[in-house]
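Asker: Need coordinates for the below:
(chains A and B)
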Amino acid sequence: MERGYRIRSKPNYETLVWKEKASAHVVVAKGAGGMAVLQLFQQMHPVQPVTVFYVRGDSTDKDYSQTLTKLVGDELQVFDTQMEALYAFYRRLPDMKMGTRFYVSGTESFIWSLCKLAALFDIQESEIVKQLSNSLSRPVYCVHCKATTPNVTTNIVACSKCSRKLFVRDHFSRHLGAYMGLMIDAENPGEVPAIEEIYP
Amino acid sequence: MSTVNVRVAAIEQVTPLVKHFTLVREDGQAFPPFSGGSHVVVAMDIGGRIHRNAYSLMGAPDDTQAYHISVRRQERSRGGSAYMHDNVAEGSVLQITMPVNLFQLIRMGRKHVLIAGGIGITPFMSQLHDLKRNGFEYELHYAFRSPEHGAFSAQLKSECGERAHFYIDSLGQQLDIPAVLSRQPLGTHVYVCGPAPMVNAVLEAARELGWPENHVHSEQFTAPPMGDAFKVQLAKSNMEVEVTADMTLLEALETAGVGPDSLCRGGACGRCELDVLELDGEIFHHDHYLSDAEKSSGKKILPCVSRARCTHMLLDI
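Answerer: All right, here's what the predicted structure looks like:
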């Protein structure tokens, strides 16, 4: 890409830091994202109520659940799958009050899955503090069949639903929480460039 | 700006200080429908000088036959509210602008908390129509100084039922703003209209509790404060204009025939913002629009409410 050129839709991520003005804190993390939660608790254990939802890392990801259990205590809930954790988070939203601050750490697929759930309760993604954990893998939205393929590490990927070969673009939709993927061999079927890992 | 002549069809004394005016179009046509929270600017010819005051529309937004405004007599009025109270009668003709909305409901919100102080109830009168028509979840908190000053409180009590809460200062009933804000579910928006201390208390309580700024909405039409006379020089029009003590800078520019576009005339919308090219004195900013940095830079001014003490101020108009 041309030097100095920047795609404005591409999200920038930050480091999790407690917000000073808050009524409560909700932290959600997955796998290697647990390190960001540990760092949060290095800063302090806030006076306001805290809830931590953590998805245990699997064989391909780091698992901080034991350290978190010792450090966070009763305010931690550990889940085996992303689906279970996000469902538990969503079930709690109706009981949460204005003034609750949100923090999330994990892959981009995880971060934006959470943001989409929060948006259902009128929490804008700009109000959620987001830290990317140690992977650049992307959620990719197929502009043809509208499915989102999570955790894509390559420049070209087969859509998880329609199997079209999608070119992974840098253009990001906050509404969909994913990068745009366009069929790469639409004009010359079967002509697919080399697939390389560029988002390790 | 498009204006329309209206005739005062009815006047009702609502409280000792508040009058409710029913306006119909002089040409007999229908008004456009508006959205809850909108206001119009009423132009009054007082002794040859045009006064313009913004008033919230109170009626049902889909009532195109009549517009309704309420005017509180201000103790330290520059003439506008006193004129509406003393000189406007049934049958009088006034000129108003078409509605503008700087205080609209956020339709994505899951709940709406309305906080009114005194005459600040007026924008909520039309918003409540929108809230009810859409079936939105809401609460109204309305504080006023004594029972006889609770404009429309009986009507609100019957229309809103237990969603309306009243706080009457003379009876020792206090609105606990932090308590109201701390029990609101996610997705709630708060709207406040009333005197400056109340608006500031809501903004402060929301900030302390950790509410995101974009869930907090306020409207405050500042009555332009008076001050000493000063002179300004106009770069593009190549003239000098004197702003007398009882006149705003915006009115002085309009009188000179070079008025900028304006909407709210109360320091809220920013439409009349002007660039200050040169200044040898001090600007007194009274608006709620410019950021603190912009105010201290001395490079911008809202002529509707702000004044200056200077011998030379060159404006880019």
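Asker: what's around B:Pro16, how many residues?
Answerer: As a burial measure, B:Pro16 scores 9 neighbours (other C-beta atoms under 10 Å in any protein chain shown). Backbone N, C-alpha and C define where each C-beta goes, glycine included.
Asker: Name the SS class of the closest residue to it other than its chain neighbours, please.
Answerer: Spatial nearest neighbour of B:Pro16, excluding adjacent residues (C-beta to C-beta, 6 or more residues apart in numbering or on different chains): B:Glu148 at 6.1 Å. On the three-state scheme (DSSP: H, G, I helix; E, B strand; the rest coil), B:Glu148 is labelled helix.
Asker: hang on, isn't B:Glu148 packed against B:Thr15?
Answerer: Yes. Because the distance of 6.0 Å satisfies C-beta atoms under 8 Å, B:Glu148 is recorded as touching B:Thr15.
Asker: between the two, who's got more neighbours?
Answerer: B:Thr15 (21 against 12).
Asker: related to what we said a few turns ago, quick one: the residue nearest to B:Pro16 and A:Ser137, what's the gap?
Answerer: Between B:Glu148 and A:Ser137 the computed distance is 67 Å (C-beta to C-beta, to the nearest Å).
Asker: Can I get stretch B:216-228 in PDB? Just the C-alpha atoms.
Answerer: These are the backbone C-alpha positions of stretch B:216-228, laid out as PDB (Å, rounded to 0.1, in the frame of the first residue of the first chain):
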ATOM      1  CA  VAL B 216     -26.900  13.600  28.100                       C
ATOM      2  CA  HIS B 217     -28.900  16.300  26.400                       C
ATOM      3  CA  SER B 218     -29.600  19.800  27.600                       C
ATOM      4  CA  GLU B 219     -31.300  22.900  26.300                       C
ATOM      5  CA  GLN B 220     -31.000  26.300  27.800                       C
ATOM      6  CA  PHE B 221     -31.900  29.400  25.900                       C
ATOM      7  CA  THR B 222     -29.800  32.100  27.600                       C
ATOM      8  CA  ALA B 223     -31.400  35.500  27.800                       C
ATOM      9  CA  PRO B 224     -28.700  37.700  26.400                       C
ATOM     10  CA  PRO B 225     -27.000  39.500  29.300                       C
ATOM     11  CA  MET B 226     -26.800  43.300  29.000                       C
ATOM     12  CA  GLY B 227     -23.500  45.100  29.500                       C
ATOM     13  CA  ASP B 228     -21.600  48.200  28.500                       C
END
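Asker: What are the buried residues along the lowest-mean-pLDDT helix or strand in chain B?
Answerer: Least confident element among the helices and strands of chain B, by mean pLDDT, DSSP states H and E: strand B:49-56 (a mean of 88). Of all the residues in strand B:49-56, those buried under the rule 16 or more other C-beta atoms under 10 Å in any protein chain shown are B:His51, B:Arg52, B:Asn53, B:Ala54, B:Tyr55, B:Ser56.
Asker: can you redo the residues you listed as TSV with distance to chain A?
Answerer: Below are the buried residues of strand B:49-56 laid out as TSV (distance: C-beta to the nearest C-beta, whole Å):
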residue	distance to chain A
B:His51	40
B:Arg52	36
B:Asn53	34
B:Ala54	29
B:Tyr55	31
B:Ser56	25
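Asker: low pLDDT regions in chain A?
Answerer: Within chain A, the stretches with pLDDT under 70 are A:1.
Asker: how about the residue lying closest to A:Leu93 once chain neighbours are set aside, secondary structure?
Answerer: Among residues not flanking A:Leu93 along the chain, A:Phe121 sits closest, at 4.9 Å (C-beta to C-beta, 6+ apart). Classification of A:Phe121 using three-state DSSP returns coil.
Asker: quick one on the thing from earlier: centre of the chain to the least confident helix or strand of chain B, how far?
Answerer: Strand B:49-56 sits 10 Å away from the centroid of its parent chain (C-alpha atoms, centre = their mean, to the nearest Å).
Asker: Same check on stretch B:204-214?
Answerer: With C-alpha atoms, centre = their mean, you get 23 Å for stretch B:204-214.
Asker: any residues touching that stretch, and which ones?
Answerer: Stretch B:204-214 is contacted by residues A:19, A:21-23, A:98-101, A:124, A:127, B:177-178, B:181-182, B:190, B:215-216 when judged by C-beta atoms under 8 Å, 6 or more residues apart in numbering or on different chains.
Asker: Give me the subset of these that lies in strands.
Answerer: Judged by DSSP state E, strands contain the following of those: A:Thr100, A:Arg101, B:Val190, B:Val216.
Asker: Mind putting those residues into TSV with distance to A:Leu71 and neighbour count?
Answerer: Below are the ones in strands among the contacts of stretch B:204-214 laid out as TSV (distance: C-beta to C-beta, whole Å; neighbours: other C-beta atoms under 10 Å in any protein chain shown):
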residue	distance to A:Leu71	neighbour count
A:Thr100	21	25
A:Arg101	19	22
B:Val190	36	26
B:Val216	34	18
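Asker: And the furthest pair within the residues you listed?
Answerer: A:Arg101 and B:Val190 (17.3 Å; C-beta to C-beta).
Asker: Which stretches in chain B count as helices?
Answerer: Under the criterion DSSP state H, helices of chain B are mapped to B:80-86, B:122-134, B:153-160, B:177-182, B:196-209, B:249-255, B:292-297.
Asker: Kindly reformat the ones you listed as CSV containing mean neighbour count and distance to B:Phe21.
Answerer: Below are the helices of chain B laid out as CSV (neighbours: other C-beta atoms under 10 Å in any protein chain shown; distance: least, C-beta to C-beta, whole Å):
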stretch, mean neighbour count, distance to B:Phe21
helix B:80-86, 19, 7
helix B:122-134, 22, 11
helix B:153-160, 15, 16
helix B:177-182, 17, 31
helix B:196-209, 17, 25
helix B:249-255, 21, 23
helix B:292-297, 12, 35
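Asker: Tabulate those helices in CSV, adding columns for mean pLDDT.
Answerer: Supplementary listing: these in CSV, determined by pLDDT from 0 to 100:
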stretch, mean pLDDT
helix B:80-86, 91
helix B:122-134, 95
helix B:153-160, 95
helix B:177-182, 98
helix B:196-209, 96
helix B:249-255, 91
helix B:292-297, 93
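Asker: and B:Phe103, which of those helices is closest to it?
Answerer: For B:Phe103, the closest of the helices of chain B is helix B:122-134, at 5.3 Å, according to C-beta to C-beta.
Asker: State the pLDDT value of B:Met1.
Answerer: Here the pLDDT value assigned to B:Met1 is 59.
Asker: now do the one 10 residues further on
Answerer: Predicted confidence (pLDDT) at B:Ile11: the value is 97.
Asker: Now do the contacts for it.
Answerer: B:Lys19, B:His20, B:Phe21, B:Thr22, B:Val88, B:Ala89, B:Glu90.
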